[in-house]
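1. Quick one, fold the following:
(one chain, ligands or ions: 1)
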Amino acid sequence: MSRFAPAAPAVLAEAGGRALPSTLVTPRTSHRRSACARAALVAVTALAGGCAWDGPMSTLVARSDLNRSILSVYGIITWACVIIAAVVFAGLAIVLLRFREQAGAAGLPRQIRGHTGLELAWTIAPALILLVIAIPTIQVIFRTQTAATPGNALEVTVRGWQWWWEFRYPGLDVVTANELHLPVGRPVVLSLEGPDVIHSFWVPQLGGKRDVVPGRLNRITLTPERAGEYWGQCAEFCGASHALMGLRVIVEEPAAFERWVAAQAGPPAEPDGPAAEGKALYARSACVGCHAIRGVSAGALGPDLTHFGSRALFGAGLWPTTPEHVVAWLKDPPALKPGAKMPDLNLSDAEAQALAAYLLSLK
Ligand code: CUA
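-> Purely as a prediction, here's the structure:
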């Protein structure tokens, strides 16, 4: 038995005078088997996860010119790494097989120092590898960070708040939250503003992460290349509900985008029935201090609700915009979203339902 073998199970079991879980007192072979099983499980999970190439948050699916540029560099680096790994492992295998200790050999083998050819080779080779990676990387950085705005670009101001996204379309009279609409095939310039803390705007299939920093204007220029719904997520830790700060980007045909703009720029329909009661309640409640609804309130701390009912999800991509979910949210926001700035207003069930009816009527 090796001198590193564990103490007898019985001794371990009595450690501290209390019984230990059986997993801690099984023999070492069983430890190894369970460790192997765990490692296999981790590997399978990683493979399964890694194989989700086309998952909604996959960076390997390029749906914009920006992401295609980033993927091209990623491909070069990946192939460079694969080739380097193959060369290193092949060299290692040769050394292990050819220069292993021979039976009957005496002392150390002949030692070689200062081989000029080898020294040159392993100085020049990494420099070449870095060059191969650096040239396309620098090209893509300059191309994607350019301050020039394409002539027909759509401009959108993106503001990251704790914990939701605001999208303003200057010149179009449209303000929305958590759901960014873009026309396919037209360049868009996103100006990133941080009113509170640092966030990071990230829609994997449309492009790389870029930080939203208070006091600094960062920009992303990209052209969406295919209509669809793309998932995004804040990618910089920004407080309690950082993980609950999602967004959706709806890329649509230009005609559909124009229809959406026309609907968003107009006022919401006048509510009736329970929704009208909800409107009256809204107008005399604390809601108006934080939220804007065109023609009703002008608060600027929370999401603009003018067309709340037109968004498929609310709460920064968390819940479907249905009566049950909206009522649950209104009744106690911090319970659904830790740290939410919107307080529990102690609404009765009837009040929450009336408010939800009003919000859902805001198409
Ligand atoms: Cu916003 Cu993390």
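2. buried ones in the longest helix seen in the chain?
-> Using DSSP state H, we find that the single longest helix of the chain is helix 65-98. Judged by neighbour count using 16 or more other CB atoms under 10 Å, the buried positions of helix 65-98 are 65, 66, 67, 69, 70, 71, 73, 74. Quick note: C-beta positions are derived from backbone N, CA and C, even for glycine.
3. Output the contacting helices and strands for it.
-> helix 116-144, strand 218-222 (3 or more CB pairs under 8 Å, 6 or more residues apart in numbering; DSSP states H and E).
4. gap between the shortest one and the chain center?
-> Here the centre of mass of C-alpha atoms in strand 218-222, compared against the chain's by CA atoms, centre = their mean, to the nearest Å, lies 17 Å away.
5. same check, this time on the first one
-> Offset of helix 116-144 from its chain centre (CA atoms, centre = their mean): 30 Å.
6. That helix: which residues count as buried?
-> 140, 144.
7. Quick check: which helices or strands does it pack against?
-> helix 65-98.
8. Could you tell me the angle between the helix it packs on and strand 218-222?
-> Interaxial angle, helix 65-98 versus strand 218-222 (axes from the mean of the first three to the mean of the last three CA atoms, to 10 degrees): 90 degrees.
9. average model confidence for helix 65-98?
-> For helix 65-98, the mean pLDDT works out to 94.
10. With stretch 170-177 instead?
-> 94.
11. quick revisit: let me have the buried residues of helix 65-98 in CSV, extended by distance to residue 136.
-> CSV is the format used below for the buried residues of helix 65-98 (distance: CB to CB, whole Å):
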residue, distance to residue 136
65, 15
66, 15
67, 15
69, 9
70, 11
71, 11
73, 5
74, 10
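12. Which single one of the residues you listed is nearest to residue 199?
-> residue 66 (18.8 Å; CB to CB).
13. Does the closest one touch residue 220 like I think?
-> Yes: if you go by CB atoms under 8 Å, residue 66 and residue 220 touch, sitting 7.1 Å apart.
14. overlap in contacts of the two?
-> residue 207 (CB atoms under 8 Å, 6 or more residues apart in numbering).
15. mind putting the helices and strands packed on helix 65-98 in CSV, distance to the ligand included?
-> Supplementary listing: these in CSV, determined by distance: least, CB to the nearest ligand atom, whole Å:
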stretch, distance to the ligand
helix 116-144, 22
strand 218-222, 14
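16. Residue 193: which of the ones you listed is closest?
-> That would be strand 218-222 among these, by CB to CB, at 8.6 Å.
17. For this structure, which segments count as helices?
-> Ranges of helices within the chain are 9-13, 28-50, 65-98, 116-144, 254-265, 274-283, 323-331, 333-336, 349-361, based on DSSP H.
18. Lowest average pLDDT across those helices?
-> Averaging pLDDT over each of the helices of the chain puts helix 9-13 lowest, since it has a mean of 35.
19. Contact residues of this structure facing the ligand?
-> 160, 163, 199, 234, 236, 237, 238, 242, 245 (CB under 6 Å from any ligand atom).
20. hmm, which of these are the buried ones?
-> Here, 16+ other CB under 10 Å leaves 160, 163, 199, 234, 236, 238, 242, 245 buried among those.
21. Enumerate every residue touching the last one.
-> Meaning residue 245. 160, 162, 163, 164, 165, 199, 233, 234, 238, 316.
22. So residue 334 versus the ligand, what's the distance?
-> From residue 334 across to the ligand, the span is 17 Å (CB to the nearest ligand atom, to the nearest Å).
23. same question, residue 217
-> Applying CB to the nearest ligand atom to residue 217 and the ligand gives a distance of 17 Å.
24. quick one, what contacts that residue?
-> Residue 217 touches 191, 192, 193, counting by CB under 8 Å, 6+ apart.
25. ok, now residue 333?
-> 340, 342, 343, 344.
26. if you set the cut-off to 7 Å instead, what comes out?
-> 340, 342, 344 (CB atoms under 7 Å, 6 or more residues apart in numbering).
27. returning to what we had before: can you list the helices of the chain in a markdown table and add distance to residue 207?
-> As requested, the helices of the chain are exported to a markdown table (distance: least, CB to CB, whole Å):
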| stretch | distance to residue 207 |
| --- | --- |
| helix 9-13 | 54 |
| helix 28-50 | 21 |
| helix 65-98 | 4 |
| helix 116-144 | 8 |
| helix 254-265 | 19 |
| helix 274-283 | 37 |
| helix 323-331 | 30 |
| helix 333-336 | 30 |
| helix 349-361 | 32 |
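28. before we move on, back to that, can you tell me which of the buried ones among the residues of the chain next to the ligand are in strands?
-> Using DSSP state E, the subset of these located in strands is 160, 199.
29. Find the centremost residue of the chain, please.
-> What sits nearest the mean C-alpha location of the chain, by CA atoms, centre = their mean, is residue 233, with 3.7 Å.
30. wait, isn't it in contact with residue 246?
-> Yes: using CB atoms under 7 Å, residue 233 makes contact with residue 246 at a distance of 5.2 Å.
31. In the beta-sheet assignment, what are the partners of the closest residue to residue 56 other than its chain neighbours?
-> Using CB to CB, 6 or more residues apart in numbering and skipping residues adjacent in sequence, the residue nearest residue 56 is residue 231, 4.2 Å away. Residue 231 forms beta bridges with residue 248, as assigned by DSSP bridges.
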